[in-house]
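S.K.: need a structure here:
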Amino acid sequence: MASKDAQNQRRGLPSFLPGAPDPDQNLPASSSNPGNQAWQLSRPLPRSFLPTLDLIIIHQQVELLGMILGTETSNKYEIKNSLGQRIYFAVEESICFNRTFCSTLRSCTLRITDNSGREVITVNRPLRCNSCWCPCYLQELEIQVPPGTTVGYVAQKWDPFLPKFTIQNANKEDILKIVGPCATCGCFGDVNFEVKTINEKLTIGKISKYWSGFVNDVFTNADNFGIHVPADLDVTVKAAMIGACFLFDFMFFEHSLAGL
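M.R.: Presented below is the predicted three-dimensional model:
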């Protein structure tokens, strides 16, 4: 196994999160084509218990204390596979001052652990703006896999009409774009953010905020999301899309009865 991992490192192949199949079966060897370099990692990743998935479901847990008191509590999310089995659990770390006075713009860290409690992904969100009037300091996330090793970023791009973001590698080079709808209220249906190639000619996946009904949307801040991706997509990009899903929840869907 050690010799095989060393061989993968020499070939420039990214290692996968634990549980993923052999990279040799899913990814071609690194070539001299510059277009492929954006998908390569600067450092190999450890293995984890996350299988190769084409659907990742993210369910935000209902915070009863926040509902009763009308206060903003730390977000918690269950990350599940297509069968509804929990594979990861994410917890927001932030201080009460930020949650109270910075609200949805607050800086925070989301720590994603597997079912054994081992942290496998860290998402860092600094305090930034999200207004089209402030295009120089828009939203950004840092993705670490494993914790301490930065493998990518999710960065908001200025656009006067549509919410647009890019998924970047560790060198902050754009590798994919995410384009949302003009209206993100999602009052009576799903809200879809399409994941596209850099030239926006090909859609390779989407991040969907599922409509959970009028009562749930109005009286709770619990949201449900689905990430649809190719099964053989690089897992660092999948990790970045999970981070993007958290960012969209903060930016577009974070609300409570007290904030209506």
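S.K.: low-scoring pLDDT stretches of this protein, where are they?
M.R.: Flagging of the chain using pLDDT under 70 yields the residue ranges 1-51, 63-72, 130-135, 186-188, 212-222, 255-260.
S.K.: Run through the strands of it in chain order.
M.R.: Residue ranges of the strands in the chain, as given by DSSP state E, are 55-60, 76-80, 86-93, 108-114, 119-125, 140-144, 150-157, 164-169, 174-179, 191-196, 203-210, 224-228.
S.K.: out of those strands, which comes closest to T100?
M.R.: Nearest to T100, of all the strands of the chain, is strand 108-114, at 13.0 Å by C-beta to C-beta. Where C-beta positions appear, they are placed from N, C-alpha and C, glycine not excepted.
S.K.: so the closest one versus strand 86-93, what angle?
M.R.: Per axes from the mean of the first three to the mean of the last three C-alpha atoms, to 10 degrees, the angle that strand 108-114 makes with strand 86-93 is 160 degrees.
S.K.: quick one: Y77 and V62 touch, right?
M.R.: No: using C-beta atoms under 8 Å as the test, Y77 is too far from V62 to be in contact (11.5 Å).
S.K.: okay, those two: which has more neighbours?
M.R.: Y77 (24 against 13; other C-beta atoms under 10 Å).
S.K.: which residues touch the more buried one?
M.R.: By C-beta atoms under 8 Å, 6 or more residues apart in numbering, the contact list for Y77 reads I58, H59, Q60, Q61, F89, A90, L110, F246.
S.K.: Now list the buried members of the residues you listed.
M.R.: Buried positions within those, assessed by neighbour count (16 or more other C-beta atoms under 10 Å), are I58, H59, Q60, F89, A90, L110, F246.
S.K.: Once you drop chain neighbours, what's closest to the last one?
M.R.: Spelled out, it's F246. The shortest distance from F246 to any non-neighbouring residue, by C-beta to C-beta, 6 or more residues apart in numbering, is to L110 (5.7 Å).
S.K.: One more: C185?
M.R.: Closest to C185 by C-beta to C-beta, 6+ apart is V191, at 7.9 Å.
S.K.: buried sites along stretch 165-176?
M.R.: Residues of stretch 165-176 classed as buried by neighbour count (16+ other C-beta under 10 Å): F165, T166, I167, Q168, N169, A170, I175, L176.
S.K.: Let me know the closest of these to M241.
M.R.: Among the buried residues of stretch 165-176, and counting by C-beta to C-beta, the member closest to M241 is I167, at 7.1 Å.
S.K.: Isn't the closest one up against K238?
M.R.: No: counting by C-beta under 8 Å, K238 is not a contact partner of I167; they are 10.2 Å apart.
S.K.: what about the longest helix in this structure?
M.R.: In the chain, with assignment by DSSP state H, the single longest helix is helix 235-248.
S.K.: follow-up on the earlier one: in a markdown table: the strands of the chain, plus distance to F253.
M.R.: A markdown table is the format used below for the strands of the chain (distance: least, C-beta to C-beta, whole Å):
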| stretch | distance to F253 |
| --- | --- |
| strand 55-60 | 9 |
| strand 76-80 | 12 |
| strand 86-93 | 14 |
| strand 108-114 | 15 |
| strand 119-125 | 15 |
| strand 140-144 | 16 |
| strand 150-157 | 16 |
| strand 164-169 | 15 |
| strand 174-179 | 15 |
| strand 191-196 | 8 |
| strand 203-210 | 6 |
| strand 224-228 | 9 |
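S.K.: Might you report the residue contacts of V195?
M.R.: So V195 contacts I167, L176, K177, I178, T203, I204, G205, K206, I207, V229, M241 (C-beta under 8 Å, 6+ apart).
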